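# coords please:
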Amino acid sequence: MTVATTAIEQAAGHRTAERPPHGIPGPRLLPGAAVLAAAVATLLAHDTPGPDIACYFGYLVLGIVLPGTLIWRACGPRRCALPVELAAGAAVGYALEIGAYAAARAAGGPRWFLAWPVITIVVFAVVPALRRHYRPRPRAERVPVPAAWTLAGLVAALVVFAAPAFYRAHGLTWPGNAAPYVDMPFHLSLVGELRHHMPPTVPEVAGEPLAYHWFLYADLAATSWATGIEAQTVLYRLAVLPMAAAFTILVAALGRRVAGSWWAGAAAVALAYLAGTPDLFGWRDSPLPSGALAGTLTWLSPTQTFGAALFAALTLAVAGVLRRATPARLLLVLVLLTAVSGAKATFVPLLGAGLALLLVFRRDRVVLALLAMTAAVLAFAQFVVFGGASQGMSVRPGALAAWLVST
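I've put the predicted structure just below:
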């Protein structure tokens, strides 16, 4: 009797530990709420119209994050913390939005792409087997409150310190640009191109195909069509913030998966923001910081920020496949990999190199399948997205070392 009672108590205690507490998890929502409040205050302080902020946030939640999160929960790794699911869901939403918009724009109905989030939300609500994905997973991991505040502080540092430095130099009205970065008008011209043409061409050369990683501009063009917000406001103020936040959370999740600690994840984020290499041959008075995504580079190179967020989600999805391969997980990897190939194609060879190295230690069909998928998508990017252009990439071992010696 005593043994049976003890066993029942232990089982009950185990279930209690797994069951999420009832009530509103206020302390766990505060870090995200604080970052959101800081972002809104910063945007309002730099002439961003309040209705535009509200409209963009509504589209981001309903048109990208919600449908993307539902698909991530249905296909992606299990037991992810809620912030990780939302960040990865945003990446999936971006990827599917780009494909839907490209098809809609090519068909002559630029707003038709809005059918994809509506269909996704309805299907997940109607189909009983999918309806459960509207609820957080019962045994999902939780980010400890101190680690959550640390990650929120890293994002807030970008919002409060780095973003205003960019905003001050890039106004929304003329004259409003104190010292605009030379690439920003180029980025804006590509958003305009993707708003009106598919496939895109070089804006300044009529009829010349655009051999460039243009998926970011498809997202910005789609956002402008969906919300009615001016493309300049989307690019100069709104779009980069959620991409940087998603990158922060996903890199922390990858650090947590590798090292087993959310503090290691926070350290990985800090390293990504602050670390850099010596700039031996940099431009004089360059506005670019030394860190990989430090400071205003998050805004000055939006394709890098967008590609990094997608690649972080892709890496997490690949880790899920390596743990347990299913058709749904492989399809999710393919979707994200295709999006990365047109967002910042230089990330794709990095994944291929990592998988090739993994194949040395783990020789199985899953790694081979992922490597073959990566090679196929790289070929797609090279010959479809970039039209066969080399884009300065060639296999020349030792070329950089030889150039450094000669100079």
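# Low-confidence ranges, the chain, go.
1-27, 174-179, 275-296, 388-395, 400, 407 (pLDDT under 70).
# how does it look with 50?
By pLDDT under 50, the weakly predicted segments of the chain are 1-24, 284-293.
# ranges for the strands of the protein?
Shown for the chain, no strands are assigned by DSSP state E.
# residue contacts, the residue nearest the centre of it?
Taking Cα atoms, centre = their mean as the criterion, residue 309 is the residue nearest the geometric centre of the chain, at 2.8 Å. When contacts are counted by Cβ atoms under 8 Å, 6 or more residues apart in numbering, residue 309 touches 87, 90-91, 94, 243-244, 246-247, 250. C-beta coordinates here come from the backbone N, C-alpha and C atoms, glycine included.
# Report the separation between it and residue 64.
12 Å (Cβ to Cβ, to the nearest Å).
# How about residue 324?
Going from residue 324 to residue 64 by Cβ to Cβ gives 27 Å.
# neighbour count winner among those two?
Between residue 324 and residue 64, counted using other Cβ atoms under 10 Å, residue 64 has the larger neighbour count: 25 against 10.
# what's the nearest residue to that one if we skip its chain neighbours?
Closest residue in space to residue 64, ignoring its immediate chain neighbours: residue 93 at 3.5 Å, by Cβ to Cβ, 6 or more residues apart in numbering.
# The one you found and residue 63 touch, don't they?
Yes: Residue 93 is in contact with residue 63 according to Cβ atoms under 8 Å; the separation is 7.4 Å.
# Give me the more crowded residue out of those two.
It is residue 93, of residue 93 and residue 63, that has more neighbours when counted by other Cβ under 10 Å, with 26 against 22.
# check contacts around the more buried one.
Residues near residue 93 by Cβ under 8 Å, 6+ apart: 63-69, 117.
# can you redo these as a markdown table with distance to residue 146?
Formatted as a markdown table, the contacts of residue 93 follow (distance: Cβ to Cβ, whole Å):
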| residue | distance to residue 146 |
| --- | --- |
| 63 | 33 |
| 64 | 29 |
| 65 | 25 |
| 66 | 29 |
| 67 | 32 |
| 68 | 28 |
| 69 | 25 |
| 117 | 35 |
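# Could you identify the most distant pair in those?
Checked with Cβ to Cβ, the contacts of residue 93 reach their widest spread between 63 and 69, with 12.1 Å between them.
# Touching, residue 59 and residue 225? I think so.
No: using Cβ under 8 Å as the test, residue 59 is too far from residue 225 to be in contact (10.2 Å).
# before we move on, the earlier item: so for residue 309 and residue 64, which residues contact both of them?
Residues touching both residue 309 and residue 64 (Cβ under 8 Å, 6+ apart): 90, 94.
# Neighbours of the closest residue to residue 103 other than its chain neighbours, how many?
Setting aside the residues directly before and after it, residue 103 is nearest to residue 113 in space (Cβ to Cβ, 6+ apart), at 7.2 Å. Counted with other Cβ under 10 Å, residues neighbouring residue 113 total 24.
# Please report phi then psi for residue 386.
Main-chain dihedrals, residue 386, degrees, to the nearest 10: phi -100, psi 0.
# Next one: the closest residue in space to residue 203 that isn't next to it in sequence relative to residue 399, how far apart?
Residue nearest to residue 203 in three dimensions, not counting chain neighbours: residue 189, with 4.4 Å by Cβ to Cβ, 6+ apart. Separation of residue 189 from residue 399 (Cβ to Cβ): 32 Å.
# So for those two, which residue has more residues nearby?
More neighbours surround residue 189 than the other of residue 189 and residue 399, with 15 against 10 (other Cβ under 10 Å).
# I'd say that one and residue 204 touch.
Yes: Residue 189 lies in contact with residue 204 (Cβ under 8 Å); the separation is 7.5 Å.
# which one's the longest helix in this protein?
Counting by DSSP state H, the longest helix found in the chain is helix 82-106.
# count of neighbours near residue 173?
Using other Cβ under 10 Å, residue 173 has 8 other residues around it.
# Ignoring the adjacent residues along the chain, who's closest to it?
Spatial nearest neighbour of residue 173, chain neighbours left out: residue 47 (7.5 Å); criterion: Cβ to Cβ, 6+ apart.
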